[in-house]
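fold the following.
(3 chains)
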Amino acid sequence: MAVTMHDPMTADKTRRRTITGSLIGIAAIIIVGVIGYFLFPNNLALLTRIIAIALLVLSIDLVTGYCGVATLGHAALFGAGAYAAGIAAAHYGITDPVLMTLIGALAGALAGLVSGLIILRAHGLPQLVLSIAVIHLFHEAANKASSWTGGSDGLSGIAPDALLGLFEFDLWGRTAYVYGLFLLVVVVILLQVLVRSPFGMLARGVREDPLRISAMGASVKSVLIRMYVISGVVAGIGGALNAISTQVVGLDSLSFTLSAEALVMLVLGGTGSLYGALVGTVTFLWFEDVVSAANPFHWLTMVGALLIAVVLFAPKGLYGTAAHLLGRIGGERR
Amino acid sequence: MQTVFSIAVDALAYGMVLFVISIGLSVTMGLMRVVNLAHGAFAMIGGYIASYAARDLGLGYAVAVLLAVVGTVLIAIPVERFLYRRIYGAPELTQVLMTIGITFCIIGIANFAFGPTLKTIPLPEALRGSVDLGFRSIATHRLFAIVCGLVVAAALWVLIERTAFGIKLRAAVDNAAMAAALGVRTEIIYAVSFAVAIGLAAFGGVVGAELLPVEPYYALRYMVTFLVVVSVGGAGSIPGALMACLLLGAIDTTGRYLAPEYGEFFFYLAVIVIVILFPRGLAGRFK
Amino acid sequence: MKKLVTATIAAVIFSSAAYADTIKVGVVGPFSGPFALQGKNFKAGIDAFFALNGNTVGDDTIEVIYRDVPQADPAQSKALAQELVVKEGVQYLAGFYFTPDAMAATPILEQGNVPMVVMNAATSAIVTKSPYVVRTSFTTWQTSTPIAKVAKDAGVTKVISLVSDYGPGVDAENAFKAAFEKVGGQVVEAIRMPLSTNDFSPIMQRVKDSGAEGVFAFLPSGPTTLGFVKAFNENGLKDGGIKLFAPGDLTQESDLPALGDAALGVQTTFHYAVSHDSPENKSFVEAAQKAIGNPAELSFPSVGAFDGMYVISKMIEATGGEQDAAKAVEAVKGLSWTSPRGPVTIDPESRHITQNIYLREVAKADDGTYYNKEIQTFENQGDPGLAAAK
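Predicted coordinates:
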């Protein structure tokens, strides 16, 4: 994907190739998802969690990978979605999962707008610091509003209805997983369209050379804000999915830790491509699950070693480097 | 009035402790342009060495401080040689990934080697107890931290602005290729600055241990604070870092006095306002 | 892959029939990260139980599976608990250091036919979330209430309350206030400090300005307690005659070597001191210290875990190893035994542990180490928090 984009080919050919590429990609997600369902029928809770976090990582990719905005506070968008869906269910009795997801997406968009307005006031390192301040403010606000959010005890009492009135959210987590996979596929398809749309190209342009974009007459600020709102929708859906599948929302979903971890996952997979985000999330969470189950006491060292190894041997991230290698092989054949 | 003075003294003491610990990070981030999230991890290593030397081996405080600084630098040399050298000039996010990985590893190793309990560094007799300032008393080690902060600030400023090394360093940072062409051995310059930064981290870890106690999670727990302080000051600027520490120390301390419940809000709202007003930091050398 | 198939089959078998076999207990706790010490204590308590009582009940062998939730993370906790139940086929869930983690896992208990034994999480309401929850630790209300009487007896009538701004801190503040006002005292000011507070000097200035004669403090055990106690001393509050009262989280044994002389004389109320003088505790401490490696790391979560395993062994005994959560929980209602901390009972109604709460003072032993010296006993304390919530 990312590679073909840079290839000096005719626009028409590029388009056809990328469309085929994204069809293959989406088919791959579905196939991996289905295989996961049958191969790990007892691990669906973990897989659902991976999907929810993957939506967050995708959302970061939209602003970081495509627009070059540095953020360590993106969990604010995810947490806003989770809390909105949770509060709707626990306090207002809105327990339809689809409706909860929509509420989460809306809240995520709103949080994206607010944090975007703040974070986009600076660049580089100061921007990172603004994002840290934002996530801490969100966290404190949720902690203070404990009558709404349950504070540090977490928001419990979320009992979603059966999906479409047919499928109960059961102990095995089948419904939640299938619903999550469905959401992920829909989001990835829409994002594929988005990043190839003129708007997506504009966003890439902003990352490469903001000055030139503004010289072209487009407003850099408005592009970034719009992208932030869109990324809020994606993260909010992830948050809502998390609230629906685990039926509880904790302050950790608005934490700096989650923001930082999600960014690490993105860089691990490779920024600037949707599949990089997915590969990074799956690798990180799966690896963490395996090593922490194998040694619950000292697994952190292993995760650290993985991150170092990736920087040393796959500096463009796992997916980025793999795509680069494949692209080179393909290039030779051509 | 007395209360105002009292708060001012607290603010000064807190700000200077922050300064001593964070200034090394300002050097790596501003001058070497490495987002070194493992800074806290090196401060922690310094704390562990000092604690081991002073508490378990019974050595004097000054010896312990020296051992901590030297020991941490020695540990950092292979890390610099094999890991950091690979990320000089790499994209920021790659640096983040690498240094977080290093931090995770150091936390895991510290947890394994020293166990998860708090480690203290016994103070010498002269630094224990309190000093009476007339209107209030203040812990002696806090005064010590203030003095250390001032000395470090002055020494660093001289090193960077007034010595031949400082000139080479600034040249290497501004344009590595050009500096190398002019005969500056940038690799050595970088290695030495890295060692200085790590030494400062270790020193800060020891001096600040009364306020930020040494334990395995130290490396991540205070990372955000260090990062905020350095960026608000403007990475790479000694006076900027000093100003930022004093300002943020004052805001934090006053906030915690006036409305402890909303201490976090105060602090981070202030950070947002400062960053928006001074997007390059209070005295930023670079963007 | 093969392992997975076996696990699946095992899960199916366990849920239907009971053969003399391995009974799995899933323990969720913070085994890495900033609270690793507490998780380590869980494991030490469990290991000590096996060392003293063996790991078999009748024909059945108990096997413990640990899962790590480094910081309060209810979603992760629930996912792991779910995985333990459906994949590993555990018959019992146990551990849970943080309240939100325990709360998050309660909805799966009835569906999974699994009882939960809470070994630490200290918010009163957890036991109300499911009839299958039993708790062998304490509640913040339980440990914070008796200190009010201690303060009053010490002649203190005006107290300022300083608590960390999160669930347990708020619980402690409410518990102390209720109890202190009942005995005629007055809480002149109640301050909630952000969890991330490092420098407590400005707070100490507030204490001075408030004119209080005593301080009630609740902070989670860990690095901040050190800064707090030191700030209390260094700002001249201790010398100024202001007394410090707190539940025992402030002076947990593993923090004492770091606190050192600064903590001497601090009075706390808690359900367990490692120094508790009884034959049961002696053998427990010996086994647990061996299990944890470094004796200085042993502290209160270990006893919650030890008694938790005792309760689980009784449950296994009552059900004959069969998976029957209702029967298991029914069997331990009203169960009384002598724990290392003293006589305890599982309250049949709340399924929370009724126990003695001790007033302790930090003292220096002959060998130069510090310990919590028990000086007064409040017998048979239930959980006032549940009653207060009603």
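
quick check: which element contains residue 24?
You didn't pick a chain, so chain A it is. A:Ile24 is part of helix A:11-39 when elements are defined by DSSP states H and E.

right idea, wrong chain: chain C
Using DSSP H and E, C:Lys24 falls in strand C:22-29.

domains in chain C, as residue ranges please.
C:2-138+C:277-351, C:142-270+C:357-389 (automatic domain parsing).

any chance of those in TSV, plus distance to chain A, mean pLDDT and mean neighbour count?
C-beta here means a position set from N, CA and C on the backbone, and glycine is covered the same way. Shown next, in TSV, are the domains of chain C (distance: least, C-beta to the nearest C-beta, whole Å; pLDDT from 0 to 100; neighbours: other C-beta atoms under 10 Å in any protein chain shown):
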stretch	distance to chain A	mean pLDDT	mean neighbour count
domain C:2-138+C:277-351	3	88	22
domain C:142-270+C:357-389	4	90	21
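
turn these into a markdown table, columns for distance to B:Ala145.
Formatted as a markdown table, the domains of chain C follow (distance: least, C-beta to C-beta, whole Å):
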| stretch | distance to B:Ala145 |
| --- | --- |
| domain C:2-138+C:277-351 | 24 |
| domain C:142-270+C:357-389 | 11 |
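
let me know which of those is the nearest to B:Tyr88.
Closest of the domains of chain C to B:Tyr88 is domain C:2-138+C:277-351, at 30.6 Å (criterion: C-beta to C-beta).

for the chain, what spans make up the strands?
You didn't say which chain, so I picked chain A. Using DSSP state E, no strands are found in chain A.

oops, I was thinking of chain B
Under DSSP E, chain B gives strands at B:130-132, B:137-139.

how about the stretch 151-300 of chain C?
Secondary structure of the stretch 151-300 of chain C by DSSP state E, counting those that start in this stretch: the strands cover C:158-164, C:186-193, C:214-218, C:243-247, C:267-270.

got those strands as a markdown table, with distance to C:Gln205 columns?
Listed next are the strands of the stretch 151-300 of chain C as a markdown table, based on distance: least, C-beta to C-beta, whole Å:
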| stretch | distance to C:Gln205 |
| --- | --- |
| strand C:158-164 | 12 |
| strand C:186-193 | 11 |
| strand C:214-218 | 13 |
| strand C:243-247 | 16 |
| strand C:267-270 | 23 |
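
with distance to chain B as added columns, please give the ones you listed in CSV.
Shown next, in CSV, are those (distance: least, C-beta to the nearest C-beta, whole Å):
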stretch, distance to chain B
strand C:158-164, 8
strand C:186-193, 5
strand C:214-218, 13
strand C:243-247, 17
strand C:267-270, 17
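
contact residues of the stretch 151-300 of chain A facing chain B?
Neighbours of chain B within the stretch 151-300 of chain A, by C-beta under 8 Å from any C-beta of the partner chain: A:256, A:260, A:263-264, A:267-268, A:271, A:297-300.

can you map out the helices along the stretch 201-334 of chain A?
For the stretch 201-334 of chain A, the helices defined by DSSP state H, counting those that start in this stretch cover A:210-215, A:220-246, A:256-269, A:274-294, A:299-313, A:318-333.

give me the buried positions along the third one.
By that I understand helix A:256-269. By neighbour count on 16 or more other C-beta atoms under 10 Å in any protein chain shown, the buried set for helix A:256-269 is A:256, A:258-269.

can you confirm whether that helix lies near chain C?
Yes: using C-beta under 8 Å from any C-beta, helix A:256-269 comes into contact with chain C via A:Thr257.

now A:Ala76: closest residue in space that isn't a chain neighbour?
If the residues on either side of it in the chain are set aside, A:Ala76 comes closest to A:Phe138, at 4.3 Å by C-beta to C-beta, 6 or more residues apart in numbering or on different chains.

OK, contacts around that neighbour?
A:73, A:76, A:79-80, A:111, A:115, A:254 (C-beta atoms under 8 Å, 6 or more residues apart in numbering or on different chains).

output the residues you listed as TSV; include the columns pLDDT.
Converted to TSV, the contacts of A:Phe138 look like this (pLDDT from 0 to 100):
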residue	pLDDT
A:Gly73	92
A:Ala76	95
A:Gly79	95
A:Ala80	96
A:Ala111	96
A:Ser115	93
A:Leu254	92
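
put the buried members of those into a ChimeraX selection.
Buried residues within these, by 16+ other C-beta under 10 Å, are selected in ChimeraX with:
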select /A:73,76,79,80,111,115,254
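
now for the longest helix seen in chain B, which elements pack on it?
Longest helix of chain B, by residue count under DSSP state H: helix B:2-26. Here helix B:2-26 touches helix B:39-51, helix B:140-162, helix B:186-207, helix B:223-233, helix B:238-258, helix C:201-210, going by 3 or more C-beta pairs under 8 Å, 6 or more residues apart in numbering or on different chains; DSSP states H and E.

tell me which residues in that helix are buried?
B:6-7, B:9-26.

tell me what angle it forms with helix C:201-210.
Put simply, helix B:2-26 runs at 170 degrees to helix C:201-210, going by axes from the mean of the first three to the mean of the last three C-alpha atoms, to 10 degrees.

could you give me the average pLDDT of helix B:2-26?
The pLDDT scores in helix B:2-26 average 89.

can you give the distance of it from its chain's centre?
13 Å (C-alpha atoms, centre = their mean, to the nearest Å).

do stretch C:356-364 as well
16 Å.

now swap in stretch A:131-151 and tell me
21 Å.

now it: buried residues?
Those would be A:131-140, A:142-144, A:146, A:149-151, for stretch A:131-151 by 16+ other C-beta under 10 Å.

which ones among those are found in helices?
A:131-140, A:142-144, A:146, A:149.

can you tell me which two in those are farthest apart?
A:Ser131 and A:Ser146 (24.7 Å).

let me know which of the helices and strands packed on helix B:2-26 is tucked in deepest.
helix B:39-51 (a mean of 30; mean count of other C-beta atoms under 10 Å in any protein chain shown).

angle of that helix against helix B:223-233?
120 degrees.

now do helix B:39-51 and helix B:186-207, the angle between them.
Comparing the axes of helix B:39-51 and helix B:186-207 via the same axes, to 10 degrees yields an angle of 60 degrees.
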